[in-house]
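Q: Need a 3D model of the following:
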Amino acid sequence: PSTAAALEKCQGQLEDLQTQIGDQLKRTVEVASVLEEKFCTLRAEQDEVKHRLEEELPQAAASLEACRGRLDELQRDIDESRQQTAEENMPNIVSQDDQPNLWQLL
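A: So this is what the prediction gives:
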């Protein structure tokens, strides 16, 4: 009698565990399904971003190179302007040197 009762109790516990395992398995499958869907969505977004970058990167690089070229032109213009200004101011500097120094007048 006690063995039969213990066996029946174990059978009930086993059925409860099987139910819990089944429920947990069902939840795990649901979570896996959601994760797979999210992964597929992220993969599609990644592919889209990669495609856009592949299209836009050459244009951005060309634009950057054009900006560099323009910057070089502007730097040359600035250097030429400085040189021209320095050359134009040279006579003024020389003429100032020719003028008597205030200390010499004292």
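Q: CA only for contacts and neighbour counts going forward, please
A: Fine.
Q: Show me how far the stretch of helix or strand Ala32 belongs to is from its chain's centre.
A: In this structure, Ala32 sits in helix 2-98 according to DSSP states H and E. Centre-to-centre, helix 2-98 and its host chain are 5 Å apart (Cα atoms, centre = their mean, to the nearest Å).
Q: mean confidence for that helix?
A: The average pLDDT within helix 2-98 is 91.
Q: helices or strands next to it in the packing?
A: Of the remaining helices and strands, none touches helix 2-98 by 3 or more Cα pairs under 8 Å, 6 or more residues apart in numbering; DSSP states H and E.
Q: heads up, I number from 37, so please use that
A: From this message on, residue numbering opens at 37, which makes the last subject helix 38-134.
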